[in-house]
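# My questions are about this predicted structure, shown below with the sequence.
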Amino acid sequence: MMALKIGPDVAKRILNSSYCKRLTPCTVGGFHQSSLTMHKNKPPAPLPTAQKELINNSKVRGIDILRDPKLNKGQAFTLKERQLMGIHGLLPPCIITQDQQMIRVMSNIRKRTSDVDKYIYLLALMDRNERLFYRSLIEHVEELMPIVYTPTVGKACQEYGLLYRRPRGLFLSIKDAGHLYQMMCNWPEKDVKAIVVTDGERILGLGDLGVYGMGIPVGKLSLYTALGGIAPHHCLPIALDVGTNNQKLLDDPLYIGAQMNRVTGEKYDAFIDEFMESVVKRFGRSTLVQFEDFGNNNAFRLLEKYRYTYCTFNDDIQGTAAVAASGVFSSLRITGKKLSDNVFLMQGAGEANIGIGNLLALAMQAEGTSRKEALSKIWMVDSKGLIVNNRPKGGISGHKKDFAKDHKPVDTLEEAVRAIKPTALIGAAAIPGAFTKQILHDMAKFNERPIIFALSNPTSMAECTAQEAYRETDGRCVFASGSPFDAVTYKGKTFYPGQGNNSYIFPGVALGIITCKVRHVPDEIFLQAAQSLAKLVSNQDLEEGRVYPPLNQIRDVSLQIATDVAEYAYKNKLASYYPEPPNKREFIWQQLYSTDYESYVPETWSWPDQTDQQL
Ligand SMILES: O=C([O-])CC(=O)C(=O)O
Ligand SMILES: [Mg+2]
């Protein structure tokens, strides 16, 4: 049996094929030109060679290596490796590089016309060859992030039962209460450092999807690795199955969760308590638990309950708050205003907007404004109209109270815009089209540079499209959206809408927390992250209409956020990793996941040189 290396001619043919036209050229058979400035000068040191350890410890050999996505390199196994590990003949003889494999990946993706099909292909790749999956995602982040994340992941969650192939993540059912620790012991990885958990009650702006919501922790954690450089074996996606109140799912024969209504009250609370205790018992007290897409009521309650006893945060409250606040900070460079000179009107008073309101208030306080004064600048509209004291329709409970004003009742968003004349309008209530033409016109009438953030996800839930925002404000608005929109050309100028999505925040915050073993995650950490992100926006970005750095810089962004979070954590005695690393950036950088394949051939192995070269 002989090994065949792909020659330059064949490689050129692949590169010139119609599917590869849009590929960034890469040197065939040589080193790839990484787009990651972070890795430009020096590749990060490989993590404690997980692959070699696995090989040595578990004596994995033969076909099992090809079936393990962490070990598998597919056709990139060299002849020496194939012979050494008993897989010679189990692969096509042609040996290709990771670059060439990525060309095949991108060709396969571009051939597929439906985004959900692309999602299925990518998840299958993740199950087959982890490093190739992450390398492809990292190098084509603008093209592939909308597939593994919003908006496609939303569609995939809605069809999760249909597209289900292989299990990914841990499913914990309330029917198994009392056994959660034992179930966590079934998870094959021992060194879990971060968990993203959902109970599926409010998946993006799509409502209750029950266990179909598992797509969200899976998608979020794929960004932990791709954007934050956190190794996949440190990450655990979890879906808590407490039932669903979505009748369509209850009637769906393909539904993969318990076909029962949601369990609530004491039983639910005891289940979540047991879950948190089991995480600590199984993986240690410093394990980060990111709550994702819980219903409003539980999201706030659980955050309050656990925030000082566990290492936890709620991404929809705190992560979204940080990305929105950061977008506002950057927009001040365009409008020339001070933060406290602004008047904010929020459409929706759920997790996102309450979180944003509180973080903006905290930021104003940090500037010297009193809390009372800060809150007076932040108005909210919910399903019953403007949140004002003593409104006839009532319904001002919990966290909304802080934002209630003395003002006459106002029923609609349109009327509220006219009454309040806000400088910034922020939507996060998943009501598509809520920012009407009239509202956008009025915002442009009251402000030279109105701030319009349509944050609801996925794209189909956005309050207005990027095109509508620029067109109806005569190209003057500062726009951002939760899900991606293409660039818009209006009156000869091209605008690049920013993606005000918490993905700019949570990978970096998590990286800082995990590496420095931060005990608790106060709101100030998110304020720090928001400020770090805003500092990375260049003047050119602002000129192009972006209030966030371009997506292809997002790994640098995450590293900077992690470094600043680490500095903050040590200064405020929140970090428990000792000794304190003198150079936090370097310390974190050293631990980043590398997508490079490792060699399985022991360095001391001697082998006739020509063997690998034969045809
Ligand atoms: O997942 C996203 O794109 C942002 C988010 O947390 C949500 O909308 O719930
Ligand atoms: Mg979310």
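Yep, that arrived. Quantities reported herein were computed from a predicted structural model and do not represent experimental measurements. Ligands and ions are numbered 1, 2, ... in the order given.
# burial of the closest residue to ligand 2 within the stretch 501-615 of the chain, as a residue count?
When scored by C-beta to the ion, the stretch 501-615 of the chain has residue 502 as its residue closest to ligand 2, at 6.9 Å. C-beta coordinates here come from the backbone N, C-alpha and C atoms, glycine included. When counting by other C-beta atoms under 10 Å, one arrives at 28 neighbours for residue 502.
# Pretty sure residue 453 sits in a helix.
No. Applying DSSP: H, G, I helix; E, B strand; the rest coil, one finds residue 453 to be strand, outside a helix.
# Is it correct that it is in contact with residue 423?
No. In this structure, residue 453 is not within contact of residue 423 by C-beta atoms under 8 Å, at 11.9 Å.
# Compare those two (neighbour count), which wins?
residue 453 (31 against 22).
# so who does the more buried one touch?
Contact analysis of residue 453 by C-beta atoms under 8 Å, 6 or more residues apart in numbering lists 324, 327, 424-427, 479-481, 500.
# what's across from it in the sheet?
For residue 453, the beta-bridge partners under DSSP bridges are residue 426, residue 480.
# All further residue positions should be reported with the first residue as 477.
Let's use 477 as the start, then, which means that last one is residue 929.
# Can you read off the pLDDT for it?
We have a pLDDT of 98 for residue 929.
# So stretch 986-996, near ligand 1 or not?
No. Judged by C-beta under 6 Å from any ligand atom, stretch 986-996 stays clear of ligand 1, getting no closer than 13.5 Å.
# what does that stretch contact?
With contact meaning C-beta under 8 Å, 6+ apart, stretch 986-996 is reached by 669-670, 700, 704-706, 710, 761-762, 764, 766, 783-784, 786-787, 997, 1001, 1034-1035, 1037-1042, 1045-1046, 1050-1053, 1057, 1060, 1063-1064, 1067.
# Assign a three-state SS to the nearest residue to residue 930 once chain neighbours are set aside, would you?
Once flanking residues are discounted, residue 930 sits nearest to residue 939: 3.9 Å by C-beta to C-beta, 6 or more residues apart in numbering. For residue 939, the assignment made with three-state DSSP gives coil.
# what number of residues lie near residue 939?
Residue 939, neighbours per other C-beta under 10 Å, totals 30.
# so it makes contact with residue 903?
Yes. Using C-beta under 8 Å, residue 939 is in contact with residue 903, at 3.4 Å.
# by contact count, what packs against the helix or strand where residue 754 lies?
Secondary-structure assignment from DSSP states H and E places residue 754 in helix 741-759. Judged by 3 or more C-beta pairs under 8 Å, 6 or more residues apart in numbering; DSSP states H and E, helix 741-759 is in contact with helix 656-661, strand 670-674, strand 711-717, helix 772-782.
# Please list the residues outside the last one that contact it.
Applying C-beta under 8 Å, 6+ apart, the external contacts of helix 772-782 come out as 675, 677-678, 744, 748, 752, 765, 767, 770, 788-790, 792-794, 826-827, 830, 874-875.
# Next secondary structure after it?
Note on helix 772-782: by DSSP H and E, the next helix or strand toward the C-terminus is strand 788-790.
# Let me see the contact set for the residue in the stretch 777-926 of the chain that ligand 2 sits nearest to.
Closest to ligand 2 within the stretch 777-926 of the chain is residue 792: 4.4 Å, counting by C-beta to the ion. Neighbouring residues of residue 792 by C-beta under 8 Å, 6+ apart: 678, 767-770, 775, 827-828, 831, 978.
# Next one, pLDDT for the nearest residue to residue 697 once chain neighbours are set aside please.
Leaving aside its chain neighbours, residue 697 sits nearest to residue 711 (4.2 Å; criterion: C-beta to C-beta, 6+ apart). On pLDDT, residue 711 comes in at 98.
# Residue 711 contacts residue 668, correct?
Yes. At 7.2 Å, residue 711 counts as touching residue 668 under the criterion of C-beta under 8 Å.
# The two - which one has more neighbours?
A count of neighbours by other C-beta under 10 Å puts residue 711 above the other of residue 711 and residue 668, at 26 against 19.
# where's the more buried one relative to residue 570, distance?
Taking C-beta to C-beta, to the nearest Å as the measure, residue 711 falls 33 Å from residue 570.
# Can you point out the buried residues in the helix or strand hosting residue 990?
Assigned by DSSP H and E, residue 990 belongs to helix 982-992. Across helix 982-992, burial judged by 16 or more other C-beta atoms under 10 Å covers 982-992.
# Could you do stretch 856-871 as well?
Buried residues in stretch 856-871 (16+ other C-beta under 10 Å): 856-858, 861-864, 867.
# now stretch 992-1004
992-999, 1001-1004.
# Look up the pLDDT of the residue lying closest to residue 627 once chain neighbours are set aside for me, please.
Distance criterion C-beta to C-beta, 6+ apart; nearest residue to residue 627, sequence neighbours excluded, is residue 934 at 3.3 Å. Listed pLDDT for residue 934 reads 97.
# that older thread, check the contacts of residue 792 against ligand 1, which are close?
769, 978.
# that older thread, can you give me how far the helix holding residue 990 is from the chain middle?
13 Å (C-alpha atoms, centre = their mean, to the nearest Å).
# For the helix or strand following it, the averaged confidence score.
Using DSSP H and E, the helix or strand that follows helix 982-992 in sequence is helix 999-1011. The average pLDDT within helix 999-1011 is 98.
# How far off centre is helix 999-1011?
The answer for helix 999-1011 is 16 Å, by C-alpha atoms, centre = their mean.
# quick one: it to helix 982-992, angle?
120 degrees (axes from the mean of the first three to the mean of the last three C-alpha atoms, to 10 degrees).
# Just the residues contacting whatever helix or strand comes next after helix 999-1011, thanks.
As assigned by DSSP H and E, the chain's next helix or strand after helix 999-1011 is helix 1015-1019. Applying C-beta under 8 Å, 6+ apart, the contact partners of helix 1015-1019 are 806, 809-810, 1023-1026.
# neighbours around whichever residue of the stretch 477-626 of the chain sits closest to ligand 2, how many?
Scanning the stretch 477-626 of the chain for proximity to ligand 2 using C-beta to the ion identifies residue 626 as nearest, at 8.8 Å. Look at residue 626: counted by other C-beta under 10 Å, it has 24 neighbours.
# Check residue 791 too.
For residue 791, using other C-beta under 10 Å, the count is 27.
# Likewise for residue 879?
23.
# Next, the contact list for it, please.
Applying C-beta under 8 Å, 6+ apart, the residues near residue 879 are 825, 830, 833, 851, 854-856, 863.
# Of these, which belong to strands?
Under the assignment DSSP state E, the contacts of residue 879 contribute 854-856 to strands.
# Columns pLDDT and distance to residue 1030 on top of the residues you listed, output as CSV?
Converted to CSV, the ones in strands among the contacts of residue 879 look like this (pLDDT from 0 to 100; distance: C-beta to C-beta, whole Å):
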residue, pLDDT, distance to residue 1030
854, 98, 28
855, 98, 32
856, 98, 30
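# What is the nearest of those to residue 648?
Nearest to residue 648 among the ones in strands among the contacts of residue 879 is residue 856, at 34.6 Å by C-beta to C-beta.
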